[in-house]
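> Mind looking at a prediction? Sequence and model below.
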Amino acid sequence: MSLTLAESRGRAALLADVDYQVHLTLAADQDTFESTSVVRFTCSQAGASCFLELADGAEVEVTLNGKQLPTAAYDGRRITLPELALTNEARVSARLPYVTNGDGMHRFVDPVDGETYVSAYCGMDNAQRVFACFDQPDLKSPIALDVTADERWTVLASGRRLDPQIPGRRRFAATPPIPTYLFVVCAGPWHSTVFEHSGRSFGWHARRSLVTELERDAEELRRVTVACWDYYTTIFEEPYAFDDYHQVFVPGLNWGAQENPGCVTYRDEMLPPGRVSDQARQRRAMVIAHEMAHMWFGNLVTARWFDDSWLSESFADYMGFLVADRAAGFRDTWVDFDAAFLPMAYDADERRSTHPVAPPTEGVTDIDTAYGNFDSLSYAKGNAVVRQLVTWLGEEGFLAGVNGYLTRHRFGTASLTEFVSALGDASGRDVAGWVDAWLRTTGFDTLVVAREAGVPVLSRTGSRSHRLRVTSYDVVDGALRPASTRAVDLGDDPVSLPEGRDRVVVANSHGDTFARLRLDDSSVTAVKARLATVPDPMTRAVLWTALGGLVRGAELAPWDYLDIVGSQLPGEEHGSVFEAVLERARRHVVTRCLPADHVASGLDMLAATCRGALDRAPAPAVALAAVRGLASTSRDAGLLRCWLADDRTDTGVALDPRLRWDILRRLAEIGASSASDLVEAERRCDPSVAGELGTARALAALPEAAAKASAWDAMFGGEPSNRLFAETAQGFWSAEQHDLLAPYVDRYLAEAPALAVRRGQSFSLIVGQAFPTIPMGTDDLARLDSALLSDIPTVLRRAWEDRRDDLALAVAVRQRFD
Ligand SMILES: [Zn+2]
């Protein structure tokens with residue numbers, strides 16, 4: 001069980017002035033590492049007791065104020081510290097296990113060159129897997145670090161690097177006060193590219209076997225870093241609070257990235273072999289900007305408890321998209337946001353697990369519960385709501401409030417209350433009222449356009465005030481052409497839109513607010529036939545999201561939606577919109593909402609859509625998305641084999657390693673002859689970790705009982721790394737192999753909880769994400785309900801309940817339209 005809110009509150013009330021000296025000995029060739037920490041702190045009540053966390057330690061020795069504690073003081077999870085003095089020093093030494101699941105000190109051996117990398121991943125409460133500590137966010141403390149490791153290795157961490165005095169030993173000065181979850185160390189023979197900017201040292205680092213990829217992208221990574229840096233150091237009044245700024249592409253990270261002060265870690269999948277698509281470059285820039293925003297929001301000022309994680313994440317998410325656009329020059333970040341990320345927020349807001357963007361503190365009872373809230377509501381909805389807040393307050397007032405907040409609470413912790421008061425002070429507006437309406441509520445309003453004697457009238461169901469733009473369109477030569485756009489403040493009173501008479505009307509055409517959209521009937525008819533002709537890609541994203549919502553709510557038949565996809569998507573010119581709509585159609589509509597015996601024809605229809613797009617010789621981003629789409633839906637084994645042999649498609653798009661593995665997975669999935677030989681041949685050519693994962697994914701997709709049994713054993717019987725498990729599961733479940741896989745649904749429900757218990761918090765989420773993606777019906781729903789009656793780890797339960805709620809909606813869609 002993870003730390004509870006009550007325990008955290010109790011300990012924070014008792015302790016203060018915590019600081020750590022941590023010494024780690026990181027040997028490459030062992031299963032464990034040595035960890036020693038010296039923890040100094042004061043206690044407000046002499047004689048009281050408290051505890052340090054330390055997970056899975058062996059040979060644990062503890063002294064408190066010079067006295068050795070009995071071994072019984074440690075229970076495998078916590079060290080009880082009895083009879084505290086007013087000032088205390090605890091010394092803890094232990095051997096701790098390296099992990100392959102991304103929670104703690106992750107060890108990775110590169111299959112290309114046999115080099116070992118060890119990196120500490122500490123979010124959310126995994127610092128205790130690296131050193132003995134008070135693992136909660138509001139006991140911020142300086143951490144000094146000392147690492148003994150291979151002399152050839154580079155060791156990266158947050159503190160300023162001190163000169164080495166003993167070979168193989170690296171020392172880092174104490175950091176400013178930081179929460180334990182932001183501790184980091186990355187050790188290994190990294191390839192590095194470094195530069196100076198504004199008198200500060202910056203570095204990008206990646207595994208040595210990724211030298212080609214890092215050098216390929218070094219100039220862009222540097223440019224984006226500098227652009228974001230200059231932007232933030234201009235808008236924030238508080239200076240950057242930490243030392244150098246290192247960014248490391250690390251293996252096996254469970255998060256997309258983590259904002260450790262001055263030493264940000266990124267999934268190394270963000271440095272892909274072969275090619276980085278324009279969309280991947282844009283998203284990477286967004287993540288760079290997101291993590292850098294955390295240096296102020298989250299690191300300089302930290303949320304007191306995880307109820308306010310959203311405050312860091314929504315803000316960083318908003319800044320990430322904004323700054324990647326405004327400073328780093330990626331023009332379409334908001335279109336990508338509205339097309340790909342926002343639909344997930346609307347989905348999440350309809351599940352039982354929905355919570356206010358700012359959840360009540362008491363609702364976040366422990367850290368495992370908080371883990372579930374790193375969801376689309378805390379990121380995407382929070383981002384959309386912050387965007388609406390900025391629209392309402394104005395950018396200047398918003399930033400003034402942010403700066404007030406950062407200055408008042410620098411190096412400390414804060415909560416929503418302090419943020420609201422800083423915004424209110426700076427703007428003179430009723431921010432608290434706005435917060436109650438937008439951040440303390442769940443769900444979303446619906447914007448409704450209805451016609452009264454031909455005149456469109458905009459109203460909303462719900463209770464929030466919105467500032468948004470509405471655009472009216474004429475049909476000119478069969479295409480929708482904007483005739484007028486106006487800004488509207490919408491509250492309880494409907495707003496008449498006379499300019500929309502005899503025109504197609506789209507509310508929230510610029511994505512200003514977070515609300516479902518219900519078009520009037522005549523506009524729906526026009527949009528179904530002409531969506532692709534709307535000039536602004538943001539508006540197209542908004543409209544596709546609205547149509548997707550209608551399917552989810554069983555108001556639009558899945559086949560009608562797929563017909564719109566078939567007629568409108570081939571004409572889509574924006575890569576993000578194309579890819580997001582295609583993915584949604586495949587994963588949500590075809591796989592979930594169609595009966596099992598219609599899945600194949602649904603996929604054929606999507607394959608035809610991709611082919612239709614390619615035949616129009618589209619922009620490169622759309623062409624690549626269409627090729628990826630075909631690689632996962634086509635049934636034409638001959639075509640896919642030709643692509644592989646030529647290393648390019650018949651339309652001239654060059655393949656990249658990931659795409660080659662996607663094609664191999666598809667060939668395996670459809671049972672193409674000698675698919676396993678092709679996989680084996682590819683594996684010989686690609687000895688990288690991506691090749692290992694691609695192989696596992698493709699072989700798991702073979703429509704054969706033996707292949708499924710072997711993949712299952714690898715996932716549930718062995719100790720696969722987090723990545724290997726996830727990729728195998730992706731290959732394993734295939735919507736077209738319903739009959740072969742149906743028996744595995746029960747096995748999954750039976751075996752997943754024990755695996756989640758055994759492998760921990762983040763792995764539980766990965767196990768939850770491995771939920772069957774085959775068509776399921778009411779009997780599956782009943783099975784899942786009965787599985788949910790048993791004792792299931794918190795993180796897995798949350799994942800299953802979410803899937804259950806989605807499944808119930810999908811079953812309702814099928815019942816309504818069968
Ligand atoms: Zn973040």
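Here it is on my side, so go on. What you see is a predicted model, and the numbers here were worked out from it, not measured in a lab. Numbers count the residues shown, from 1 in each chain.
> Just the buried residues of stretch 554-565, please?
By neighbour count with 16 or more other Cβ atoms under 10 Å, stretch 554-565 contains the buried residues 554, 556-559, 561-562, 564-565. Just so you know, the C-beta spots here come from the backbone N, C-alpha and C atoms, and that holds for glycine as well.
> got the contact list for the closest residue to Ala358 other than its chain neighbours?
Using Cβ to Cβ, 6 or more residues apart in numbering and skipping the chain neighbours, the partner closest in space to Ala358 is Leu439 (4.2 Å). By Cβ atoms under 8 Å, 6 or more residues apart in numbering, Leu439 lies in contact with 356-358, 385, 416.
> try Asp425
401, 404.
> any idea which element it lies in?
Asp425 belongs to helix 416-427 when assigned by DSSP states H and E.
> next one: Arg469
Assigned by DSSP H and E, Arg469 falls in strand 466-476.
> For that strand, give me every contacting residue.
388, 391-392, 445, 447, 456, 458, 460, 480-491, 497, 499-500, 503-510, 512-513, 515, 526, 530, 534, 536, 539.
> let's go with 7 Å and repeat that
Residues outside strand 466-476 that contact it (Cβ atoms under 7 Å, 6 or more residues apart in numbering): 391-392, 458, 460, 480-490, 497, 499-500, 503-510, 512-513, 515, 526, 539.
> In strands, which of the residues you listed fall?
Secondary structure from DSSP state E places 458, 460, 480-490, 504-507, 515 of the contacts of strand 466-476 in strands.
> ok, which residues in the chain are in contact with the ion?
313, 316 (Cβ under 5 Å from the ion).
> Quick check, central residue of the chain?
The centroid of the chain falls nearest to Gly256 when counting by Cα atoms, centre = their mean (5.4 Å).
> Could you list which residues are in contact with it?
Gly256 neighbours (Cβ under 7 Å, 6+ apart): 267, 287.
> returning to that earlier point: can you select the buried ones among the ones in strands among the contacts of strand 466-476 for me in PyMOL?
Buried members of those, defined by 16+ other Cβ under 10 Å, are picked up in PyMOL with:
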select buried, resi 458+460+480+482+485+488+490+504+505+506+507+515
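> out of the contacts of Leu439, which is most surrounded?
Val357 (28 neighbours; other Cβ atoms under 10 Å).
> quick one: that residue is in a strand?
No - counting by DSSP: H, G, I helix; E, B strand; the rest coil, Val357 is not found in a strand; it is coil.
> these two touch, right, it and Gly382?
Yes - between Val357 and Gly382 there is a contact at 4.8 Å, judged by Cβ atoms under 7 Å.
> Spit out the residues that contact those two alike.
310, 314.
> Smallest gap between the chain and the ion, at which residue?
Residue of the chain nearest the ion, by Cβ to the ion: Ala316 (4.4 Å).
> Which of the helices or strands spans that residue?
helix 309-326.
> Can you tell me what sits against that helix?
228, 231, 282, 285-287, 289-290, 293-294, 297-298, 303, 330-331, 333-334, 337, 357-358, 370, 373-374, 378-379, 382-383, 385-387, 416, 419.
> then that helix to CSV, C-alphas only?
Listed next in CSV are the C-alpha coordinates belonging to helix 309-326 (Å, rounded to 0.1, in the frame of the first residue of the first chain):
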residue,chain,number,x,y,z
SER,A,309,-0.6,17.6,-9.5
TRP,A,310,-3.1,18.9,-12.1
LEU,A,311,-1.9,22.4,-11.3
SER,A,312,1.6,21.6,-12.5
GLU,A,313,0.5,19.3,-15.3
SER,A,314,-2.3,21.5,-16.8
PHE,A,315,-0.1,24.5,-16.7
ALA,A,316,2.9,22.7,-18.2
ASP,A,317,0.7,21.1,-20.8
TYR,A,318,-0.7,24.4,-21.8
MET,A,319,2.7,26.0,-21.9
GLY,A,320,4.1,23.1,-23.9
PHE,A,321,1.7,23.5,-26.8
LEU,A,322,1.8,27.3,-26.6
VAL,A,323,5.6,27.7,-26.5
ALA,A,324,6.3,25.0,-29.1
ASP,A,325,4.2,27.1,-31.4
ARG,A,326,5.1,30.6,-30.3
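> how distant is it from the center of its chain?
Offset of helix 309-326 from its chain centre (Cα atoms, centre = their mean, to the nearest Å): 13 Å.
> For it, buried residues please.
So for helix 309-326, counting by 16+ other Cβ under 10 Å, buried means 309-326.
> same thing with stretch 270-287?
270-273, 275-287.
> contact partners of stretch 381-395?
Applying Cβ under 7 Å, 6+ apart, the contact partners of stretch 381-395 are 310, 313-315, 317-318, 321, 342, 345, 349, 357, 398, 427, 429, 434, 438-439, 467, 512-514.
> Check which helices and strands the helix or strand of the chain with the lowest mean pLDDT is in contact with.
Least confident helix or strand of the chain, by mean pLDDT, DSSP states H and E, is helix 367-372 with a mean of 90. With contacts taken as 3 or more Cβ pairs under 7 Å, 6 or more residues apart in numbering; DSSP states H and E, helix 367-372 sits against helix 794-817.
> Would you mind pulling the contact partners of the helix it packs on?
With Cβ under 7 Å, 6+ apart as the criterion, helix 794-817 contacts 351-353, 368-369, 371-372, 551-552, 554, 557-558, 592-593, 595, 752-753, 756, 761, 764-765, 767-769, 771, 776-778, 780-781, 784, 788, 792.
> at 6 Å what do you get?
351-353, 368-369, 371-372, 552, 554, 557, 592-593, 756, 761, 764-765, 768, 771, 776, 778, 781, 784 (Cβ atoms under 6 Å, 6 or more residues apart in numbering).
> What subset of those residues is buried?
Here, 16+ other Cβ under 10 Å leaves 351, 353, 368-369, 371-372, 552, 554, 557, 592-593, 756, 761, 764-765, 768, 771, 776, 784 buried among the contacts of helix 794-817.
> does the nearest residue to Ile235 once chain neighbours are set aside count as helix, strand or coil?
For Ile235, ignoring the flanking residues on the chain, the nearest one in space by Cβ to Cβ, 6+ apart is Leu399 at 5.9 Å. For Leu399, the assignment made with three-state DSSP gives helix.
> Can you give the distance from stretch 656-676 to the centre of its chain?
27 Å.
> my bad, stretch 409-417
On Cα atoms, centre = their mean, the centre of stretch 409-417 falls 24 Å from that of its chain.
> Endpoint to endpoint, that stretch covers what distance?
12 Å (Cα to Cα, to the nearest Å).
> go on, stretch 463-481?
End to end - Cα to Cα - stretch 463-481 spans 32 Å.
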